[in-house]
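Generate a structure from the sequence data that follows.
(one chain, ligands or ions: 2)
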Amino acid sequence: MTKLTSYFATVVFIFIHILCQSSASGDETTTSTYNVLEFEAKSNGVTDSTQAFLNAWSVACGSSADSTEIYVPKGRYLLAAMAFKGDCKSSHITFRIDGTLVASPDYRVLGQANNWLSFEGVSGVTIVGGALDAKGSALWACKLSTKTTSCPDGATTLSFTNSKDIRVEGLMSLNSQMFHIVINGCQDVLIQGVKVIAAGNSPNTDGIHVQLSRNVAIFDTSIKTGDDCVSIGPGTKDLWMERISCGPGHGISIGSLAKDLEEEGVQNVTLKNAIFKGTTNGLRIKSWARPSTGFVQGVRFLDVEMIKVQNPIVIDQNYCPHNLNCPGQVSGVKVSDVLYQNIRGTSATAVAIKFDCSAANPCSGVKLENVNLTCRNQVVQSYCTNVNGKSVGTVQPSSCL
Ligand SMILES: *[C@@H]1O[C@H](CO)[C@@H](O)[C@H](O)[C@H]1NC(C)=O
Ligand SMILES: *[C@@H]1O[C@H](CO)[C@@H](O)[C@H](O)[C@H]1NC(C)=O
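Ligands and ions are numbered 1, 2, ... in the order given. Next up, the predicted model:
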């Protein structure tokens, strides 16, 4: 080839290259993938891979690609407590997990940490698949034992703090030491197709806890645990939960509220299409009998089936264990606009509906619509104090509103 034809060929090549790139566009995004094995993670379940995961995160986070993926192949990866921190240069980071992340079988390794896997100040993070095995049962045994008095609190398995645009899909969380998943100070979060599994007697193992967060949605999620299925703390706004299965556990709970005097309210919460099997509570709103600036406004519980649930519908504003630290013994939390629609099934106790509201701030706008709760061999009852509202359609037990 002469110099000229070679020059010409190069120009043509570049031209075609540009053409191909623009024809492949529409989404001109580039994705870079990082396999944790390339960072010397070991999939044998016994070699600590914490630093390898942190290194993969640091490269993905600093990447100038539009989106980055951290890939975790099949196998077991031993990880200590670790934080994945923003801000990141890459605007979308996906953890694609085919393997299982495991904690040390010695609960003291994680026991003093607040969180095991903690995402802080991130945006555009997605977790797809994966199992998280926190091996919490030895810590539960410590806490349940009457002999030992000094057990660590334990770590939350997966937490997102001060983050936005978060997705968690198809993840399984097993045997957390404390809460399984915590969403704290976040905005625009989607949790879908998640499974939580822990023993029915495991202490403080809430499935998903949400607080100080806006626009969180939870779909198609099954939670079997020893504490609340979903717990909803102060400052939760625009929470949507759909197709949720709970049990064993303590059910879905708004609260406990009024823990603090200065507290943000809970606003606009919807639960649609849920089943509770053998839980201690079904749909619960709970506040301490203490002064507080908190409130609960706008809650819809729609299309719910109860199977042998001890307290299917309950508002308890007189929570004050051992009558300690409850000056005045009334709750400052005002509960209003709560709808229970199409709630059916069986109660394990005679009192299937209990509204025990604050004398200082009676519940208002409580509505029961088509509720049918029965109890084997017993006439079911409802109980009301300090509550205003109405019932519509068939309501059994007969409403005390
Ligand atoms: C309530 O929250 C849902 C999302 O869960 C949102 O679509 C809706 O607009 C919110 N309603 C109000 C009145 O803010
Ligand atoms: C309530 O549920 C019971 C048990 O499923 C059923 O036998 C009864 O007919 C229902 N009542 C109404 C009014 O739907």
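
helix or strand right after the helix or strand of the chain with the lowest mean pLDDT?
Of all regular secondary-structure elements in the chain, judged by mean pLDDT, DSSP states H and E, the least confident is helix 3-23 with a mean of 42. Tracing the chain C-terminally past helix 3-23 and defining elements by DSSP states H and E, one meets strand 31-35 next.

same for that following strand, what does it pack against?
In terms of contact count using 3 or more CB pairs under 8 Å, 6 or more residues apart in numbering; DSSP states H and E, strand 31-35 is assigned the packing partners helix 50-62, strand 67-72. C-beta here means a position set from N, CA and C on the backbone, and glycine is covered the same way.

and the residue positioned nearest the centre of the chain, what is it in contact with?
Within the chain, one residue has its C-alpha closest to the average C-alpha position: by CA atoms, centre = their mean, that is Ile208, at 2.5 Å. Shown in contact with Ile208 (CB atoms under 8 Å, 6 or more residues apart in numbering): 180-183, 191, 194, 196, 218, 221, 223, 229-231.

number of nearby residues for Glu40?
Under the neighbour criterion other CB atoms under 10 Å, Glu40 is assigned a count of 12.

List the contacts of it.
Taking CB under 8 Å, 6+ apart, one finds 49, 52 in contact with Glu40.

swap in the one 3 residues further on?
In this structure, Ser43 makes contact with 37, 73-77, 99, judged by CB under 8 Å, 6+ apart.

Ala155 contacts Met82, doesn't it?
No: with the criterion set as CB atoms under 8 Å, Ala155 and Met82 do not qualify as a contacting pair; they are 10.7 Å apart.

Name all residues that sit in contact with those two at the same time.
Both Ala155 and Met82 are contacted by Trp116, under the criterion CB under 8 Å, 6+ apart.

The host helix or strand of Thr94 pairs with which strands, and in what direction?
For Thr94, the enclosing helix or strand under DSSP H and E is strand 92-102. Pairing partners of strand 92-102, with direction, according to DSSP bridges: strand 67-72 (parallel), strand 76-78 (parallel), strand 123-133 (parallel).

where does Gly328 land in three-state SS?
Assigned by DSSP: H, G, I helix; E, B strand; the rest coil, the conformation of Gly328 is helix.

What count of nearby residues applies to it?
11.

how close does it get to Ala359?
Using CB to CB, to the nearest Å, one gets 9 Å for the distance from Gly328 to Ala359.

next one: Tyr77
Taking CB to CB as the criterion, Tyr77 is separated from Ala359 by 54 Å.

Between these two, point out the one with more neighbours.
Using other CB under 10 Å as the criterion, Tyr77 and Ala359 rank with Tyr77 on top: 25 against 14.

Looking from ligand 1, tell me which residue of the stretch 301-401 of the chain is nearest.
Closest approach of the stretch 301-401 of the chain to ligand 1 (CB to the nearest ligand atom) occurs at Asp337, with a separation of 10.8 Å.
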